[in-house]
Each structure stands twice: as C-alpha cells, then as structure tokens.
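Student: show me the folded form of this:
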Amino acid sequence: MTDDIVCPICGNKAKVSYADRNTNIVCLMCGSYMYTADKECLLYDKERNNSYFNDPYAFEKYKCALFYYLRVIKKNYLKKPTILSWNSYLDIFAEPFDGYKFYDLYPKTFSKKIDMVMELLSTFIDDIGKYYPQNLPDDIVWWLALSKEQKDETIEILKELDYIKDIRNKAPHITFTPKGWGKIDSLQRNKKRNSVFIAMSFDWDNKEFPIGTCRDAIKEAISKAGYEPCIISEHQHNKSIPQEIENEIKKSEFVVTDLTTQNKGAYFEAGVAKGLGKEVIFTCHEDDFNNIHFDTKQINTIKWSDKNTFVDDLYKRIKFTIGEYSEIK
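Tutor: Below is the predicted model:
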C-alpha cells in the first residue's frame, strides 16, 4: 500500500510505502530512495546542526547535496540508495551514507557549483528540443542555491556564460545553447565511471579454491571500493559476446584481470583495455603464478590463495592506485 506524502528532501509530492523498518519513497524530482529511520531525522534540529558546523546554511547545504546525490549520482547505482539509517539518528550530518558525507558534497568553489548546476539541469533538459520551465516551485535544492535570490542570480550567470538561453514564445522556459551542450558533453566525458569489468577464466577445476570463490572475492573487493562489478557471464545482452565485452570495457573505469589458468581470453580482454587507455589490475592464484606470460610477469600482479586476504589486497590496490568511487572532486 502506498500513501501520498510531501518529499522530506525537496518538498514535492511523493509516494511512500513501508516494508519492515524500511521506508521507500518515490518522488518525481528526487527519484526512488529509502531510509530506515523516522523521516523527521531528515528535517530535525536545524539550529543544532547549523551550530555543529558553525555554518548558518549547513542544513540547506545538506538538503541541496541530498538532491544532487539522488538526481545525478545515484543514477550510476544499480541498488536503491539508502540515505538515512538508524545508526545515523544521533547526528545525520556527521555520518556517511552510501559512502557520502552529504554536507561535504556541497560545492566549495564557484566553478564546481556551476558544473553541478549544469549537471542537474541536464537531468531535465536531456536532449535537443527539451527545455526547463523556470516557473516551477523555487525550491533551493534544484539549483544548489541557498535562497531564491541566489537561484535567480545563478540563472543570469549561466546566461552570461552563454550556457543557457530563453526559448522564444515560451518564457520563462530555458534550454542549453550550443556552448552549453558542449559543457555538458565535457562534464559527462570526464565523469568517473562506476562500472569495473572483470576478465577471468570460466573453465577452472580447483576443488580447494573453486572459480565461484575467486569470482566472488573479486566482486566483493570491487563493491567494497564503491564500484559495480561487471562479469560477462552474468550480463544480459543481445549482442555477440566479443562485441559486448568491448562495449563493457569501454564503459568501465578500470579492469581487473585474473590470469589463473592462463586463459587467452583474459589476456585478450586485458589487451583491449590497455589499448583503450584503461588501468588494468592483474591477479593470479599462487599455484599458477609462475606460469604467467613473460611480458606480463613484469607487471606488479596480486598473488592470492586465501579469499579474505585476496579481498583485502585487491581492495587496497584499487583504493591506492585507482581511488574509491566518489564523485566528490
């Protein structure tokens, strides 16, 4: 059963449903999200938390950042984001949710704010011929602005930068200029990707350490770093396998290649990734480590035997050479 409510983040109409301790929200503006604590936690004690950060706008920044997270960042996640949990009840501003400290996500520089506003706009104006109606409610979170005056001034700045323009005969509707579309294209191309491609053998006979255990260990380490693991045997598609492998490698931030059994396909996929300029992390079971091809032996490869140690070693390699997934620049 669903009920009509006011979204505690953006203030627009939304639907709510309940399952155990989870509260599921579907908002036209914020999208779908859930929390596991009383919704008043999203709104409570404004003065206390503003004082906590010695910032009179901390609460507004928090809500702005929540909206940006849900509208822009969460689209890269396969799971529905949880933005509030019982553990964070005592201090919602100090605890991270899904790896994010939302107050820290609010832009600290003018250029970053302009970039984030353009990203938010692109979720409304998502193709040529689309437009954004400025006469929608003046909610602060739509513009990462702290007042209506800041929102109006941001619109004027974007016009002066030649990023947006009014649509004739449809005022106050706006759309992107050619320069604005170029800006959006640049932001999207430079955005850190969430997907990680896994290249490995699917023909592996090792009773002490079965292929499923290795696959799960790699996926666990990738997920621990905040990325989404992609393995072709679990991926649904209608293309040829080589074509889909290349497509997924192109979409990946980096590639993890396990060389155990010296599978030629894994070597090939690593080569494709290298040719596309992707970072490749190599791993191999210790029993097969000495059989790695001569050229690849020169590369620092993670040797593994125990699952827990393997997960920890691979996670640390990702963290310190690639970085955990975060769009907080």
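
Student: in what helix or strand does K319 lie?
Tutor: helix 307-321 (DSSP states H and E).

Student: surely T213 and S305 touch.
Tutor: No: in this structure, T213 is not within contact of S305 by C-beta atoms under 8 Å, at 11.0 Å. C-beta: built from backbone N, CA, C; applies to glycine.

Student: residues in contact with stretch 310-318?
Tutor: 214, 217-218, 220-222, 224-225, 227, 254, 256, 281, 283, 302, 304, 324 (C-beta atoms under 8 Å, 6 or more residues apart in numbering).

Student: buried ones in that stretch?
Tutor: 310-311, 313-315, 317-318 (16 or more other C-beta atoms under 10 Å).

Student: now the strands for the stretch 1-150 of the chain?
Tutor: 3-6, 13-19, 22-27, 31-35, 82-84, 132-133 (DSSP state E, counting those that start in this stretch).

Student: what's the closest of the ones you listed to I249?
Tutor: I249 sits nearest to strand 31-35 of all the strands of the stretch 1-150 of the chain, at 28.4 Å, using C-beta to C-beta.

Student: partner residues bridging V280?
Tutor: Beta-bridge pairing for V280 (DSSP bridges): V255.

Student: for this protein, what helix or strand is lowest in average pLDDT?
Tutor: Of all helical and strand segments in the chain, the minimum by mean pLDDT, DSSP states H and E falls on helix 46-52, at a mean of 63.

Student: any regions of this structure where pLDDT drops low?
Tutor: 1, 36-53, 75-101, 134-141, 170-171, 190-192, 204-212, 233-239, 326-329 (pLDDT under 70).

Student: circling back: out of the contacts of stretch 310-318, which are buried?
Tutor: 214, 217-218, 220-222, 224-225, 227, 254, 256, 281, 283, 302, 304.

Student: of the strands of the stretch 1-150 of the chain, flag the one that's most buried.
Tutor: strand 82-84 (a mean of 21; mean count of other C-beta atoms under 10 Å).

Student: those helices in the chain, which residues are they?
Tutor: 46-52, 58-68, 102-105, 110-122, 148-160, 178-189, 211-224, 241-251, 264-275, 294-297, 307-321 (DSSP state H).

Student: what angle sits between the last one and helix 211-224?
Tutor: So the one you mean is helix 307-321. 40 degrees (axes from the mean of the first three to the mean of the last three C-alpha atoms, to 10 degrees).

Student: alpha carbons of helix 307-321, as PDB, please.
Tutor: Extracted in PDB, the C-alpha atoms of helix 307-321 (Å, rounded to 0.1, in the frame of the first residue of the first chain):
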ATOM      1  CA  LYS A 307      39.800 -15.400  -0.100                       C
ATOM      2  CA  ASN A 308      39.800 -12.900   2.800                       C
ATOM      3  CA  THR A 309      43.300 -11.900   2.200                       C
ATOM      4  CA  PHE A 310      42.600 -11.700  -1.600                       C
ATOM      5  CA  VAL A 311      39.600  -9.300  -1.000                       C
ATOM      6  CA  ASP A 312      41.700  -7.100   1.300                       C
ATOM      7  CA  ASP A 313      44.700  -7.000  -1.100                       C
ATOM      8  CA  LEU A 314      42.600  -6.200  -4.100                       C
ATOM      9  CA  TYR A 315      40.600  -3.600  -2.300                       C
ATOM     10  CA  LYS A 316      43.800  -1.800  -1.100                       C
ATOM     11  CA  ARG A 317      45.200  -1.900  -4.700                       C
ATOM     12  CA  ILE A 318      42.100  -0.300  -6.000                       C
ATOM     13  CA  LYS A 319      42.000   2.300  -3.200                       C
ATOM     14  CA  PHE A 320      45.600   3.400  -3.500                       C
ATOM     15  CA  THR A 321      46.100   3.200  -7.300                       C
END
